[in-house]
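Student: The following block contains a protein sequence and its predicted model.
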Amino acid sequence: MNVDTATRPARSAGRLLPLGVYLLAFSLFAMGSAEFLLAGVLPAVAADLEVTLATAGGLITAFAIGVVVGGPPFAVVSLRWPRRTALVLTQLVFAACIAGGLIVGSYPALLITRFVAGLAYAGFFAVAAVTAVSLVPPDRAARASGVVVSGLSLAMILGGPAGTLIGYRTSWEGGFWAVVALTLAAAAAVTAAMPRTDAAPDLSIERELRTMRQPPLWLVYSVTLLSTAAYMVTFNYLAELLDRVTGIPDEWIAAVLMLFGVGAYLGLAIGGRIADRRPHHAMAAGLIGIVVCSALIAALAEHALAVVPLVLLLGVAGFVLNPALYGRVFSIASDAPTLAGATTVSAFQLGISLVPLLAGLALRADAPITTVAWIGAGLAAATIPLVLVGRSAAQPTTRRR
């Protein structure tokens, strides 16, 4: 029995999705902003804590590790909890960790609280994804997932830059206190307005683990990891490329980077509308777009008039895949979506974590900064065959239906 059979609506009721889906997106915006704003205030953090910039960067790594390892275990532990309880608990733990680190104010305290906050963030992300799907009929599942993930792109567009601005106007802690306030407000809204989405009574940890053995599921995880690394490897080094090669003035670089976030939001909107019916088309189109945009950014890096719109298009291409990836995961693992959804979150974060390693190998070998965009193009090109294999494997199932 599908765990969501008892709670999922039978058919679409209108153009708008249920309120609960948008509350989950807002919650992810609030929490995700903490991930993006630290990079903007990292020099101030290092100076205040009297540590090197590289040491301060460990706070970013601690959060990332927490996200990677946190989702699947929390999914198992919370399997029989009411989902609203799991959502609010992770929000409260996240807010408490951010606030606790700020109050203590030492590097070890921040390192520990950032790691635990990453665990809570991963747990929320995993439960939010499966909750959003349970609130809508099957033909809108990918769109609902896309709306939830759009909270993350809004955190990239607005949350991180706004938090950084607050940090420079007050102190670096100011942006994080704003995150705490927004997260608590989101938790209150989820408590008040989120409908009950209890799991079905026949949930089984054994079934969840058995579902995870399906090869098609790991094929989707591979596409998730590689495609995320493909667009993020270019994005993470765009500021350096725009400065050293394109020659864009420093005051305009942040605006160009924000275009990537705008593109991400558009990509999620587009992907959410086509992924339910044609998930593999959405994946293939996104990967081809990453190949083309990354290669053109590398080849035309000296020309601002070409690079700036390509940054926007790279965001579109990269994020048009996400609703399709979630849709395929929940389609394959429909009988046990909680652990499968949590592992999807870990795959995304692993893809992001690969970026410093891949780029570092090239840059330490004195390769030009444009090499990172070529790496992105290569990763995306190598991922396309995995999508084709997944499509071939899915076709017999589609015909039987």
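Tutor: That came through, no problem.
Student: Tell me where the stretch 101-250 of the chain has strands.
Tutor: Counting by DSSP state E, counting those that start in this stretch, the stretch 101-250 of the chain has no strands to list.
Student: Which parts of it are helices?
Tutor: 107-134, 141-154, 160-169, 173-193, 205-211, 215-235, 238-241, 250-274 (DSSP state H, counting those that start in this stretch).
Student: tell me the angle of the last one relative to helix 160-169?
Tutor: Using axes from the mean of the first three to the mean of the last three CA atoms, to 10 degrees, the interaxial angle of helix 250-274 with respect to helix 160-169 works out to 150 degrees.
Student: Show me where the stretch 301-401 of the chain has its helices.
Tutor: So, for the stretch 301-401 of the chain - with DSSP H, counting those that start in this stretch - the helices run 304-320, 322-332, 337-364, 371-400.
Student: which one of those lies closest to Tyr121?
Tutor: Ranking the helices of the stretch 301-401 of the chain by proximity to Tyr121 (CB to CB) places helix 337-364 first, at 8.9 Å. (Each C-beta comes from the backbone N, C-alpha and C, glycine too.)
Student: The closest one packs against which elements?
Tutor: Applying 3 or more CB pairs under 8 Å, 6 or more residues apart in numbering; DSSP states H and E, we find helix 337-364 packed against helix 53-77, helix 107-134, helix 205-211, helix 215-235, helix 322-332, helix 371-400.
Student: For those helices, could you give me JSON lines that also reports mean pLDDT, mean neighbour count and distance to Phe36?
Tutor: Formatted as JSON lines, the helices and strands packed on helix 337-364 follow (pLDDT from 0 to 100; neighbours: other CB atoms under 10 Å; distance: least, CB to CB, whole Å):
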{"stretch": "helix 53-77", "mean pLDDT": "81", "mean neighbour count": "19", "distance to Phe36": "10"}
{"stretch": "helix 107-134", "mean pLDDT": "89", "mean neighbour count": "25", "distance to Phe36": "12"}
{"stretch": "helix 205-211", "mean pLDDT": "73", "mean neighbour count": "15", "distance to Phe36": "31"}
{"stretch": "helix 215-235", "mean pLDDT": "91", "mean neighbour count": "23", "distance to Phe36": "11"}
{"stretch": "helix 322-332", "mean pLDDT": "83", "mean neighbour count": "27", "distance to Phe36": "17"}
{"stretch": "helix 371-400", "mean pLDDT": "83", "mean neighbour count": "17", "distance to Phe36": "19"}
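Student: Tabulate the ones you listed in JSON lines, adding columns for distance to Tyr265.
Tutor: Converted to JSON lines, the helices and strands packed on helix 337-364 look like this (distance: least, CB to CB, whole Å):
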{"stretch": "helix 53-77", "distance to Tyr265": "21"}
{"stretch": "helix 107-134", "distance to Tyr265": "17"}
{"stretch": "helix 205-211", "distance to Tyr265": "31"}
{"stretch": "helix 215-235", "distance to Tyr265": "14"}
{"stretch": "helix 322-332", "distance to Tyr265": "11"}
{"stretch": "helix 371-400", "distance to Tyr265": "20"}
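Student: of all those helices, which lies closest to Ser294?
Tutor: helix 371-400 (3.9 Å).
Student: now that closest one, how far from the centre of its chain.
Tutor: When distances are taken as CA atoms, centre = their mean, to the nearest Å, helix 371-400 is centred 19 Å away from the chain's centroid.
Student: Then stretch 34-53?
Tutor: 22 Å.
Student: Need the helices of the stretch 301-401 of the chain in TSV (columns: distance to Val245).
Tutor: What follows is those, written out as TSV (distance: least, CB to CB, whole Å):
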stretch	distance to Val245
helix 304-320	9
helix 322-332	29
helix 337-364	14
helix 371-400	10
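Student: Select, out of those, the one closest to Arg210.
Tutor: Nearest to Arg210, of all those, is helix 337-364, at 10.2 Å by CB to CB.
Student: how far off helix 141-154 does that closest one point, in degrees?
Tutor: Interaxial angle, helix 337-364 versus helix 141-154 (the same axes, to 10 degrees): 40 degrees.
Student: What are the buried residues along helix 337-364?
Tutor: 337-356, 358-359, 362-363 (16 or more other CB atoms under 10 Å).
Student: and if you look at stretch 280-291?
Tutor: For stretch 280-291, by 16+ other CB under 10 Å, it's His280, Ala282, Met283, Ala284, Ala285, Gly286, Leu287, Gly289, Ile290, Val291.
Student: Likewise for stretch 250-257?
Tutor: Within stretch 250-257, the residues that qualify as buried are Ile253, Val256, Leu257, counting by 16+ other CB under 10 Å.
Student: okay, the angle between the strand or helix carrying Pro43 and helix 160-169?
Tutor: Using DSSP states H and E, Pro43 maps to helix 19-49. Angle of helix 19-49 versus helix 160-169, following the same axes, to 10 degrees, is 40 degrees.
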